[in-house]
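1. Sequence and predicted structure, then a few things I'm wondering about:
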Amino acid sequence: MNPRGKYPPGIGNVSGGSMAQSSNYHGRGPQPPPPQQYVQRNLLAGQPDQQFQQQQQWPRRNEMGSDLGNREAGRLVQSDGVSSSSQDWKSHLKIPAPDTRYMTEDVTATKGNEFEDYFLKRELLMGIYEKGFERPSPIQEESIPIALTGSDILARAKNGTGKTAAFCIPALEKIDQDKNVIQVVILVPTRELALQTSQVCKELGKYLKIQVMVTTGGTSLKDDIMRLYQPVHLLVGTPGRILDLAKKGICVLKDCSMLVMDEADKLLSPEFQPSIEQLIRFLPSNRQILLFSATFPVTVKDFKDRYVPNTYVINLMDELTLKGITQYFAFVEERQKVHCLNTLFSKLQINQSIIFCNSVNRVELLAKKITELGYSCFYIHAKMLQDHRNRVFHDFRNGACRNLVCTDLFTRGIDIQAVNVVINFDFPKNSETYLHRVGRSGRYGHLGLAVNLITYEDRFNLYRIEQELGTEIKQIPPQIDQAIYCR
């Protein structure tokens, strides 16, 4: 029997933010415009049940005859002295000002569902609204209700459309606060993404009594061991460190009912896949697995067939690149690149920019050149000490610096709302890397600009990436209209 048979598909959102220019910048969640009709599409050959393909509306709470549903009835939760059972509980929340910037249909083309339609815990709803989320985005609409049924999910959606909240919200909802065991593990490929994801979980669950822990390589193993002697409900981390702790018997996963793999294509690359498969052996046989990514190569299909053969497939990518990102190339010689970059800095209206190089050495050299030109600049790469990486990531995220030079370490999942310009100082070798790089701008349906510096040797890669992504990268004009990336 199909466990999803009686549930319609559902919804989602992203960590928010508005433009940052100074170190006291604090991100705010976006507020989508009025919803439009959204059509679900499917990914691999396996099609979901027929009834899932119909346009269905999740029933409203007031249609169900109960404000909280049976499981919440009569339950009182005190928050800042206000009973959360009161009818006007929302009015007591500290909801940030709405983000009024233009947003594309990547996040606005929803079915019109509300977070309250999913009968989430009142305390979780409070955290969702205080994070600045107003309504679910398309990927959240599709993912949240399916995840709540316990089904495995393979979800593909564009960068910056709300995937993190699409799995964090059902994960937090399903955790039993009274059981002091690890019930959810969220795996990510990079340390910075682990810190970011754990922070989202803590913010969404601020009114829940859920203990969130983050563990990654490059940090003190002893500290992690000591922390695991305390209650942990939700564990976020990189595969190698969590596997190490599990093998030592310190990280006990026999009660972990949900495994989430964010940036699943990267986690299932040869670098990580052996660790992932070993880690799954520590989980109970009835565990739920959720895989999220913007790109799904063949390795993901192989994993799906072996470990989650009956997964529910969500594909919201009829086209690959974000609608709000304008893409240009500038044809230059290698020795002209720094001069070209200087020209871009003088002509573009940059809130914050991320500049990509193909090697660690080039990152450091370019960052030095940019500083010599008189522009504020940070750099980050995998060979830096972890404490230094954390500080750079934190300060750039908070708007302490306008430009960041980095390797592909920073292409995965990093969500900095103020970034409106991405520059490929070195052009990437493949379309997946290109897609993840340009996806650092135009977050959550906002506008962004991607400029690629192309040498004679890059011309074939440029053509191939255009073909594979089905997109057009135009030659850069003498003047760029600010409205296409600053609105």
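-> Structure received.

2. so where does Val214 fall, helix or strand?
-> strand 212-215 (DSSP states H and E).

3. Please name every helix or strand in contact with that strand.
-> Using 3 or more Cβ pairs under 8 Å, 6 or more residues apart in numbering; DSSP states H and E, the elements in contact with strand 212-215 are helix 191-204, helix 221-228, strand 234-237, helix 239-247. (Each C-beta comes from the backbone N, C-alpha and C, glycine too.)

4. ends of stretch 244-256, how far apart?
-> Stretch 244-256 has an end-to-end distance of 17 Å (criterion: Cα to Cα, to the nearest Å).

5. orientation of the helix or strand encompassing Pro274 relative to helix 239-247 in degrees?
-> Assigned by DSSP H and E, Pro274 belongs to helix 273-280. Counting by axes from the mean of the first three to the mean of the last three Cα atoms, to 10 degrees, helix 273-280 lies at 30 degrees to helix 239-247.

6. Can you give me the distance of the residue positioned nearest the centre of the chain to Arg402?
-> Central residue of the chain (Cα atoms, centre = their mean): Thr164, 4.1 Å from the mean position. Remark: distance between Thr164 and Arg402 (Cβ to Cβ, to the nearest Å) = 25 Å.

7. ok, back up a step: tell me the secondary structure of the residue nearest to the centre of the chain, please.
-> Classification of Thr164 using DSSP: H, G, I helix; E, B strand; the rest coil returns helix.

8. Could you check how far the nearest residue to it once chain neighbours are set aside is from Glu432?
-> Among residues not flanking Thr164 along the chain, Val200 sits closest, at 5.4 Å (Cβ to Cβ, 6 or more residues apart in numbering). As judged by Cβ to Cβ, Val200 and Glu432 stand 24 Å apart.

9. Could you do Gln199 as well?
-> 26 Å.

10. Looking at these two, which one has more neighbours?
-> More crowded of Gln199 and Glu432, by other Cβ atoms under 10 Å: Glu432, with 21 against 15.

11. burial count for the residue nearest to Ala147 when sequence neighbours are not counted?
-> Among residues not flanking Ala147 along the chain, Pro170 sits closest, at 3.6 Å (Cβ to Cβ, 6+ apart). When neighbours are counted by other Cβ under 10 Å, Pro170 registers 30.

12. Then Thr433?
-> Thr433: 18 surrounding residues under other Cβ under 10 Å.

13. what number of residues lie near Asp176?
-> Look at Asp176: counted by other Cβ under 10 Å, it has 12 neighbours.

14. no, scratch that, I was asking about Tyr456
-> Other residues near Tyr456 come to 10 when the count uses other Cβ under 10 Å.

15. same thing with Thr326?
-> 18.

16. Just the element for it, please.
-> If you go by DSSP H and E, Thr326 is part of strand 325-331.

17. Check Met261 too.
-> strand 258-262.

18. How about Gly150?
-> For Gly150, there is no host helix or strand (DSSP H and E).

19. And for it, nearest residue in space, chain neighbours not counted?
-> Using Cβ to Cβ, 6+ apart and skipping residues adjacent in sequence, the residue nearest Gly150 is Gln288, 5.5 Å away.

20. Does that neighbour touch Met258 like I think?
-> Yes - Gln288 lies in contact with Met258 (Cβ atoms under 8 Å); the separation is 4.8 Å.

21. Tell me which stretches of the stretch 351-487 of the chain form helices.
-> Along the stretch 351-487 of the chain, the segments classed as helices by DSSP state H, counting those that start in this stretch run 360-372, 386-397, 431-438, 459-469, 483-486.

22. Out of these, which is the most enclosed?
-> Most buried of the helices of the stretch 351-487 of the chain by mean neighbour count (mean count of other Cβ atoms under 10 Å) is helix 431-438; its value is a mean of 23.

23. burial measure for Thr474, as a count.
-> Actually, residue 474 is Lys. It isn't Thr. Based on other Cβ under 10 Å, the number of other residues close to Lys474 is 9.
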